[in-house]
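Novice: Sequence first, then the predicted structure, then my questions.
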Amino acid sequence: AMRLLLDQQYDEQAGLLKQELFKVDQYANLALKFVKLGDISADLVISRCDLNEIVHTEVKKYSLLFVYNKLTIRIDELARDIPSDSMWLGFIIGQLLSNSVKYTRTGGVRIYMQGAALVVEDSGIGIRKEDLPRIFEKGYTGYNGRMDNRASGIGLYLSKRAADALGITIDVASELGKGTRVTLRFPKYDEFEHL
């Protein structure tokens, strides 16, 4: 109902309220995923996924925040046939985009393939070296999270748990003041017998 009311308004105040409503929606979704993750194996549907389509869908969800924060987004041609669960893979990519938008002040995000791996790279504030080993721990927010009171320390934890269930390896490289690069490496089809 609030979204419908806000869609009828076009001033700056309505834009700010739309962003906040989007964030509330994302946190509610995060809470639901947290509950579902208790038995993720029962929720997985592995099939041939179009990575290009999944990424574009997630970017569209976050477009309001990209526009408001004046951030660029560049998506290169992506793989169109990978073995995964499209809903959970979309969730992982959405969390990476959420963090990129939250911690990038200028510049933007580039999403591209590096061989068979997907890379999400931003020009954000980066992650301190001492925080990197712990970013996937439940509740860990690190220095950046403590500076930003909106950080829950749950998004990357859930992303890692979902990635593990999907056989996806996540590598994170970051440099303070220069940005963060997250690389997702997907399993091969022969690792999923039923495909």
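Specialist: Yep, it's here.
Novice: Which secondary structure state does V119 sit in?
Specialist: Look at V119: counting by DSSP: H, G, I helix; E, B strand; the rest coil, its state is strand.
Novice: And P83, by the same measure?
Specialist: Classification of P83 using three-state DSSP returns strand.
Novice: okay, now it: neighbour count?
Specialist: Close neighbours of P83, defined as other C-beta atoms under 10 Å, add up to 20. No exception for glycine: its C-beta is placed from N, CA and C like everyone else's.
Novice: ok, now the one 5 residues further on?
Specialist: W88 sits with 25 neighbouring residues when counted by other C-beta under 10 Å.
Novice: Then E175?
Specialist: E175 has 12 nearby residues by other C-beta under 10 Å.
Novice: for V55, same thing?
Specialist: 23.
Novice: helices or strands up against the strand or helix carrying it?
Specialist: Secondary structure from DSSP states H and E places V55 in helix 51-61. Contact here means 3 or more C-beta pairs under 8 Å, 6 or more residues apart in numbering; DSSP states H and E; on that basis helix 51-61 packs against strand 72-75, helix 86-102.
Novice: For the longest one, name the packing helices and strands.
Specialist: If contacts are counted by 3+ C-beta pairs under 8 Å, 6+ apart, helix 86-102 sits against helix 12-36, strand 47-49, helix 51-61, strand 108-114, strand 117-122, helix 155-166, strand 179-185.
Novice: hmm, back to that, any idea which of the helices and strands packed on helix 51-61 gets closest to G177?
Specialist: Across the helices and strands packed on helix 51-61, G177 has its closest neighbour in helix 86-102 (15.1 Å, C-beta to C-beta).
Novice: buried ones in that closest one?
Specialist: 86, 88-102 (16 or more other C-beta atoms under 10 Å).
Novice: ok so, going back, could the helices and strands packed on helix 86-102 be laid out in TSV, adding distance to N69 and mean pLDDT?
Specialist: As requested, the helices and strands packed on helix 86-102 are exported to TSV (distance: least, C-beta to C-beta, whole Å; pLDDT from 0 to 100):
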stretch	distance to N69	mean pLDDT
helix 12-36	9	70
strand 47-49	29	92
helix 51-61	14	95
strand 108-114	9	97
strand 117-122	11	97
helix 155-166	18	91
strand 179-185	15	97
